[in-house]
Structure formats: C-alpha cells, structure tokens
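>>> Could you look at this predicted model? Sequence included:
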Amino acid sequence: MKIWLVACSKGGVGKTTLAVNLAAAKAAAGDQVTLVDADPQGSTTRWSERRAALGSVIPVLDGHNRTQVRRLPAGAGTAIVDTPAGVGERELEPFLDVANAVLVPMQPSAFDIEASARFLDALAVHPRVRRGALPVALVVNRSKPQTQASQQAVEMLRGWNFPVVAQLRDSQAYTVLTGLGRSLFDYHSAQVRSHQDDWQPLFHWLRKQG
Ligand SMILES: Nc1ncnc2c1ncn2[C@@H]1O[C@H](COP(=O)(O)OP(=O)(O)O)[C@@H](O)[C@H]1O
Ligand SMILES: [Mg+2]
C-alpha cells in the first residue's frame with residue numbers, strides 16, 4: 001500500500017484538483033485507489049459522492065482524525081490524501097510520518113511561491129525528507145507555459161531542492177469536470193488527451209518512487 005500526500009499551505013492552488021484527477025487516473029488504469037479527505041471543506045468527499053452517483057465509485061475516507069491514516073483498510077490500494085490550506089508541517093506530521101511521497105501543487109506566481117516558502121522550507125528539513133525516505137515533488141498548476149511569469153515561477157521553484165515534475169495547464173476543463181464528479185481521465189477527445197499529456201512526467205516520477 002502506498003500513501004501519497006497532496007499538500008500546500010496555500011489555498012486554491014489545486015490540491016483537490018490534483019488529488020481527484022490522480023485518483024481517477026489510477027482507477028482508469030485498473031489500480032485500486034482510495035481518497036482520504038483531511039480537509040473540513042470536504043471538496044474531495046463531495047467529488048466522490050458526485051462520481052458515485054454516476055456509477056463510478058472511488059472510495060473516500062474521512063481523514064480528519066489524522067492517526068486514521070495508519071489504519072487504512074486492507075485493499076485500500078494507493079491512498080491519496082487531500083489536505084486543507086493553512087496547515088503547517090506540524091499539523092501534517094501524522095501524514096508525513098507515513099507517506100511514501102508528497103506532491104505540492106503551486107501556482108506559477110511570485111506571490112503564491114513566496115506565500116508557500118516557509119512551508120517548502122519546513123518540508124525540506126523534515127527528517128524523513130532529509131534522509132531521502134520521503135520524496136517531495138512540485139507540480140506547477142494553472143500553468144500558462146508561453147508566459148514569462150510562468151517561466152520565472154518555475155525558475156523560482158528551482159531554488160528548492162525539489163523537482164518540478166509537471167506543469168498542468170490552466171484550463172476550464174478542470175473546473176467543469178471536477179464539478180461533475182468527473183476527471184480528465186474519463187475522456188478521450190484530442191483536447192483532453194493533450195491535457196493528459198501534461199500529467200505523464202508526474203506519473204513517471206511516481207512510478208520511479210516505487
Ligand atoms: N489547472 C487548472 N486550470 C484551471 N482551473 C483550475 C486548475 N486547477 C484548479 N483549478 C480551479 O482552481 C480552484 C481551486 O482549486 P482546488 O483544487 O480547489 O484548490 P485547493 O484544493 O488547493 O484549494 C478551483 O475552482 C479549481 O477548479
Ligand atoms: Mg481543496
């Protein structure tokens with residue numbers, strides 16, 4: 001069983017979008033996956049409920065009791081934990097203790113990156129991260145690759161010793177599809193496929209972590 005933690009101290013950066021699309025991608029590949037919703041806002045839980053109403057079930061567990069993550073049911077497969085904004089490394093400790101990888105979505109703006117700098121610094125000195133036992137990856141979300149701002153942001157992120165493993169483009173498709181309990185990985189049109197391509201380096205990185 002694997003535990004992937006999706007976390008960033010900043011709100012609205014795409015934690016839930018990343019968590020649910022990742023879960024749907026795994027499910028589409030035939031893998032067992034469970035979402036763990038540690039955010040009192042419950043967006044992941046509602047997404048999962050909408051999805052279940054469409055007949056496509058991805059189980060979701062309540063992650064508010066953080067120690068629960070140590071007692072995931074047998075057969076949970078990969079657990080993807082969605083966390084709230086405004087939490088620091090201390091609140092995330094129970095997850096950081098057991099996670100196999102951490103994914104940090106970041107919007108490509110100087111303000112967003114500066115606001116998350118303390119969070120990234122704290123992650124960098126976490127004992128498991130320092131030991132190399134807990135890999136951390138940055139995912140640029142709402143990227144506008146052609147713009148200088150996006151490119152500068154990626155440069156800024158290189159200041160941390162974490163790899164930038166994907167740049168997911170800014171697209172209404174994410175908002176529309178998650179609002180329906182869907183994901184990018186439920187469709188196969190040429191446009192959606194080009195969006196899916198953005199995720200391939202992230203999948204590759206996750207596979208490499210074993
Ligand atoms: N790549 C993207 N392109 C466009 N809109 C996005 C993208 N990722 C997220 N969003 C939108 O941004 C908002 C915040 O995303 P969300 O996943 O809820 O962030 P968080 O969980 O970090 O608060 C939502 O309205 C979501 O639909
Ligand atoms: Mg969220």
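Great, that's in hand. Ligands and ions are numbered 1, 2, ... in the order given.
>>> May I see the buried residues of the lowest-mean-pLDDT helix or strand in the chain?
Of all helical and strand segments in the chain, the minimum by mean pLDDT, DSSP states H and E falls on helix 148-157, at a mean of 90. Using 16 or more other C-beta atoms under 10 Å as the test for burial, helix 148-157 gives 150, 153-154, 156-157. Heads up, the C-betas are built off the backbone N, CA and C, glycines and all.
>>> now do stretch 127-135
Residues of stretch 127-135 classed as buried: 128-129, 134-135 (neighbour count, 16+ other C-beta under 10 Å).
>>> Show me what the lengthiest helix in the chain is packed up against.
In terms of residue count, the longest helix belonging to the chain (DSSP state H) is helix 190-208. Here helix 190-208 is seen to pack against helix 15-28, strand 136-143, strand 164-169, helix 172-179 when contacts are counted using 3 or more C-beta pairs under 8 Å, 6 or more residues apart in numbering; DSSP states H and E.
>>> swap the cut-off to 10 Å and go again
Helices and strands touching helix 190-208, by 3 or more C-beta pairs under 10 Å, 6 or more residues apart in numbering; DSSP states H and E, are helix 15-28, strand 101-106, strand 136-143, strand 164-169, helix 172-179.
>>> so who does residue 34 touch?
By C-beta atoms under 10 Å, 6 or more residues apart in numbering, the contact list for residue 34 reads 1, 3, 23, 26, 48, 58-61, 72-73, 75-81.
>>> ok, now with 6 Å
By C-beta atoms under 6 Å, 6 or more residues apart in numbering, the contact list for residue 34 reads 59, 76, 79.
>>> Report the lowest-confidence entry in those residues.
Lowest pLDDT among these: residue 76, with 90.
>>> Tell me, how many residues neighbour that residue?
17 (other C-beta atoms under 10 Å).
>>> so it, which of the three states?
Following DSSP: H, G, I helix; E, B strand; the rest coil, we place residue 76 in the coil state.
>>> For it, give its distance to ligand 2.
21 Å (C-beta to the ion, to the nearest Å).
>>> Could you find the closest non-adjacent residue to that residue?
Excluding the flanking residues, the one nearest residue 76 by C-beta to C-beta, 6 or more residues apart in numbering is residue 34, at 4.2 Å.
>>> hang on, the one you found is in a strand, isn't it?
Yes. The assignment for residue 34 (three-state DSSP) places it in a strand.
>>> what sits against the residue of the chain found nearest ligand 2?
For the chain, the residue closest to ligand 2 is residue 16, as judged by C-beta to the ion, at 3.3 Å. By C-beta under 6 Å, 6+ apart, the contact list for residue 16 reads 43-44, 82.
>>> re earlier: which ones among the buried residues of stretch 127-135 lie within helices?
128-129.
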